[in-house]
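Visitor: coords below, sequence missing:
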């Protein structure tokens, strides 16, 4: 066999995969650094089942069925049960699934980083985000798609109600009353957040904080935040609701809304609700790993930071 023939046989036949090598190596480095960050801070890495009887019912999430159960949309409920059992600081990097999600920043199967800490609140989680991204970026500045983002803390905190006043064509209360909240957020508010510096969008209304604790001093809002960089939502965190009766009422309201939208009935996560009575005051957060890699490697599409998309299988 000639050298030319051997060379042709060893060339990649799938260039869509081959061209991702540099990015996937960087992704591996990022995952290693994430683990090191939390281990150094005495967090325990855990693994929980990915096929479960029920997720937390949420109107905007369509579960993926799996032989009578479903694939997790988040490891949240199992991790909170660990908190209730006395584990104090936990993190997990896990695959999650959500039906009907596909786009430039969405995959039906994606990777989440979640961490939980007892005796903490959403302010602690915001500080964690500042420290984590600061440790992952090469310097205090990140450049994404031509936008320069200053990562030096503190990052801006903006209340949802104020964001509607600044950027939306209606008030927060008008948006909630006319079911325009999600539309206004997606089209008018989110694209303008995190430009030049990361931003925490804080204090969501009670109607949009199904698992979050009510804000102390103003029960119309919850201690929930979302983190934005370059107009992209990266993380969702909150001070945890630990009142099991209030949590059941909220779940029932979410399930009623799901059924009104034509979705299939969904069982209550009864074991979680029972054990919630033992859960201490805590805070938890979910951060999209694929989007984080997009930001740190300057990739425009989520397809470019995973080895295989659904269309490649």
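Guide: Cool, got the structure. Remember, it's a predicted structure, so these values are computed and weren't measured experimentally. Numbering: from 1, shown residues only.
Visitor: With residue 23 as the reference, measure out to the closest residue to residue 106 other than its chain neighbours.
Guide: The spatial neighbour of residue 106 that comes closest, neighbours along the chain excluded (CB to CB, 6 or more residues apart in numbering), is residue 302 at 6.8 Å. (C-beta placed from N, C-alpha, C; glycine too.) The gap separating residue 302 from residue 23 is 11 Å, by CB to CB, to the nearest Å.
Visitor: residue boundaries of the helices in the stretch 101-250 of the chain?
Guide: 122-136, 160-167, 172-177, 181-184, 244-260 (DSSP state H, counting those that start in this stretch).
Visitor: To residue 290, which of those helices lies closest?
Guide: Between residue 290 and the helices of the stretch 101-250 of the chain, the shortest gap by CB to CB is with helix 122-136, which sits at 14.2 Å.
Visitor: So what touches the longest helix along the chain?
Guide: With DSSP state H applied, the helix covering the greatest number of residues in the chain is identified as helix 21-40. Counting by CB atoms under 8 Å, 6 or more residues apart in numbering, the neighbours of helix 21-40 from elsewhere in the structure are 45, 91, 93, 113, 115, 131-132, 135-136, 289, 292-293, 296-297, 299, 304-305, 307.
Visitor: Okay, buried residues for it please.
Guide: Of the residues in helix 21-40, those with enough neighbours to count as buried (16 or more other CB atoms under 10 Å) are 23-24, 27, 30-31, 34, 37-38.
Visitor: Check stretch 138-146 too.
Guide: Across stretch 138-146, burial judged by 16+ other CB under 10 Å covers 142, 144.
Visitor: next one: stretch 195-207
Guide: For stretch 195-207, the buried set under the neighbour-count rule, 16+ other CB under 10 Å, comprises 198-206.
Visitor: Same list, these, but as JSON lines with distance to residue 182 please.
Guide: Rendered in JSON lines, the data for the buried residues of stretch 195-207 read as follows (distance: CB to CB, whole Å):
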{"residue": "198", "distance to residue 182": "22"}
{"residue": "199", "distance to residue 182": "19"}
{"residue": "200", "distance to residue 182": "19"}
{"residue": "201", "distance to residue 182": "14"}
{"residue": "202", "distance to residue 182": "18"}
{"residue": "203", "distance to residue 182": "17"}
{"residue": "204", "distance to residue 182": "12"}
{"residue": "205", "distance to residue 182": "12"}
{"residue": "206", "distance to residue 182": "16"}
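Visitor: related to what we said a few turns ago, reformat the buried residues of helix 21-40 as CSV; add distance to residue 235 and pLDDT.
Guide: Conversion of the buried residues of helix 21-40 to CSV gives the following (distance: CB to CB, whole Å; pLDDT from 0 to 100):
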residue, distance to residue 235, pLDDT
23, 21, 98
24, 22, 98
27, 18, 98
30, 15, 98
31, 16, 98
34, 13, 98
37, 14, 98
38, 14, 98
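Visitor: from these, which two are the most distant?
Guide: Across those, the longest distance by CB to CB is 23.1 Å; it joins 23 and 38.
Visitor: Mind jotting down where the strands sit in the stretch 1-150 of the chain?
Guide: Using DSSP state E, counting those that start in this stretch, the strands of the stretch 1-150 of the chain run over 44-45, 51-52, 64-66, 69-71, 89-97, 109-118, 141-144, 147-150.
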